[in-house]
Structure formats: C-alpha cells, structure tokens
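>>> My questions are about this predicted structure, shown below with the sequence.
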Amino acid sequence: MLHCPRKIMRKVVYSGIVLVTGLAPALAVDPTGDWKVADGVANIRVAQCNGSMWGAVAWEQTPGGRDIHNPDVSKQNRPSLGMPILIDMKKKPGTDAWEGQVYNAKDGQFYSSTIKPVDADHLEIQGCVLGFLCGGETWTRVAPPIPSSPANSMAKGGPTTPSAAPKAAAAKPAAAPKTTGSVNPAAKGQKQATAQPADQVGDICLLPDIAGFSH
C-alpha cells in the first residue's frame, strides 16, 4: 500500500505530459524555397519580400520562354525566367496559408489564389476566377527554405536578419553578388563540369517587378 501513492503520482505526471504534448501546436511549415510545378515544366522560387510571399520562375524546362500571352503588348517579349507568378500574398490570420494573386502565363490572366504547405515537401496552390471555377495543384519542393535576404531585411516592415548583410558584403568583388535565393551553389574547389547549373535568378526580392512593388 505504501507504493500506491507513488504509482498514482507517476500516472498523473505522465498524463500531464501527454496532455501538454497533444495540445502543443505543430511547427508551421516554411513555404519559401524552390518548388516544381505539377507538370514539371518550371520551378517557382518563393520568398518573403517585405512581409509578403512572392513567387517567380527560377528554372524552366525549355529555356528562352517569353510571356507571349500577356494582354499587355509591351510585356509579351519579357522572359518567363524571373517572371513573378505569386503576387503579394498575405498571411491569413490563424492559418498556415497565404492569399494573393497568381499569374497564369498560359492565358495571361491573374486569379485570386491561396498557397498552403501540405507538409515540408509539398505546397498546395489554389486559384479562383471571381470566387468560382476554382482549381488547384500541388507543387513539390526541390530546394530548402530561403532565409530573409539583406534587401528584404532593410525593407520597412521586413524581418531583420543582422547576420545576413555581412555575408553578402564578404563576397569577392569579381564574383556575382551572393543572394539568399541561390540554389545548390557549387562547393569550393568543385569542378565546373560537375557543378549544378548556374542560378540565373538569385534573390527574387531584388527582381525589378517585385522590388518596385513590395519595397
């Protein structure tokens, strides 16, 4: 009988641990990084620029694409590489989802859109026309989350990353500016023949179509 109180206490403590663990919210999945679209023809780089999520084409299966379906004739010759796809997406309060617009290069139209990470490796995107005719697809992660860039850190309202700026300043003058959006940079001393293709987009927060809008 002397051992019963101890057993009871152990059960109470254990039950409390289980209860607290069960109530603890799951860690939010970071939607930034590079994502391959459902049909595999492009990768979209998602980054936080001045508090909003933006996405731009970071890789295309067929190089040299143009925005030929854009109703604005002056933009029909702009390269699809680096073109904004997810536009100024804002966090929905109380959820792990962002709302904004998506640009569909196949018809040159903008649609109301929501992105939501399904898990660490999958991003669900949905778009609707005037609140109906909704459709969606799931993108697959191909590169890890992107830390906030120096440009974004200095933007009003953007998150601060004090350690980011010194890293950018330390880059060699002869080399291209280092950006947080780079994908799979070649290791030091690695032969060029075995290195990943050069990143032609870099930090999407610095792209003119995004920087002019978000900063």
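Cool, got the structure. Numbering: from 1, shown residues only.
>>> In the chain, what residue spans correspond to strands?
Along the chain, counting by DSSP state E, strands occupy 33-36, 42-49, 52-60, 84-91, 98-104, 109-119, 122-129, 132-141.
>>> Could you tell me the angle between the last one and strand 122-129?
Yep, that's strand 132-141 we're talking about. 160 degrees (axes from the mean of the first three to the mean of the last three C-alpha atoms, to 10 degrees).
>>> I'd like to know which elements strand 132-141 is packed against.
strand 33-36, strand 122-129 (3 or more C-beta pairs under 8 Å, 6 or more residues apart in numbering; DSSP states H and E). All C-beta spots, glycine's among them, are computed from the backbone N, C-alpha and C.
>>> swap the cut-off to 10 Å and go again
Counting contacts by 3 or more C-beta pairs under 10 Å, 6 or more residues apart in numbering; DSSP states H and E, strand 132-141 packs against strand 33-36, strand 42-49, strand 109-119, strand 122-129.
>>> TSV for those strands, including mean pLDDT and mean neighbour count?
Below are the helices and strands packed on strand 132-141 laid out as TSV (pLDDT from 0 to 100; neighbours: other C-beta atoms under 10 Å):
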stretch	mean pLDDT	mean neighbour count
strand 33-36	97	23
strand 42-49	96	26
strand 109-119	95	17
strand 122-129	90	18
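>>> Any idea which of these gets closest to Ile204?
strand 42-49 (5.1 Å; C-beta to C-beta).
>>> Quickly run through the sheet partners of the closest one, with directions.
strand 33-36 (antiparallel), strand 52-60 (antiparallel) (DSSP bridges).
>>> how about the CA coordinates for the last one, as CSV?
Provided in CSV are the C-alpha atoms of strand 52-60 (Å, rounded to 0.1, in the frame of the first residue of the first chain):
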residue,chain,number,x,y,z
SER,A,52,4.5,39.2,-48.2
MET,A,53,5.2,35.9,-50.1
TRP,A,54,6.2,36.3,-53.7
GLY,A,55,7.0,33.6,-56.3
ALA,A,56,8.9,33.9,-59.5
VAL,A,57,10.1,31.4,-62.2
ALA,A,58,13.6,30.2,-61.1
TRP,A,59,14.0,27.5,-63.7
GLU,A,60,12.3,26.4,-66.9
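>>> Now do it, average pLDDT.
What strand 52-60 shows for mean pLDDT is 96.
>>> How much space separates Val118 from Val37?
With distances taken as C-beta to C-beta, to the nearest Å, Val118 is found 15 Å from Val37.
>>> re the thing from before, got CSV for the strands of the chain, with distance to Ile210 too?
Putting the strands of the chain into CSV (distance: least, C-beta to C-beta, whole Å) gives the following:
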stretch, distance to Ile210
strand 33-36, 16
strand 42-49, 6
strand 52-60, 5
strand 84-91, 6
strand 98-104, 12
strand 109-119, 15
strand 122-129, 18
strand 132-141, 19
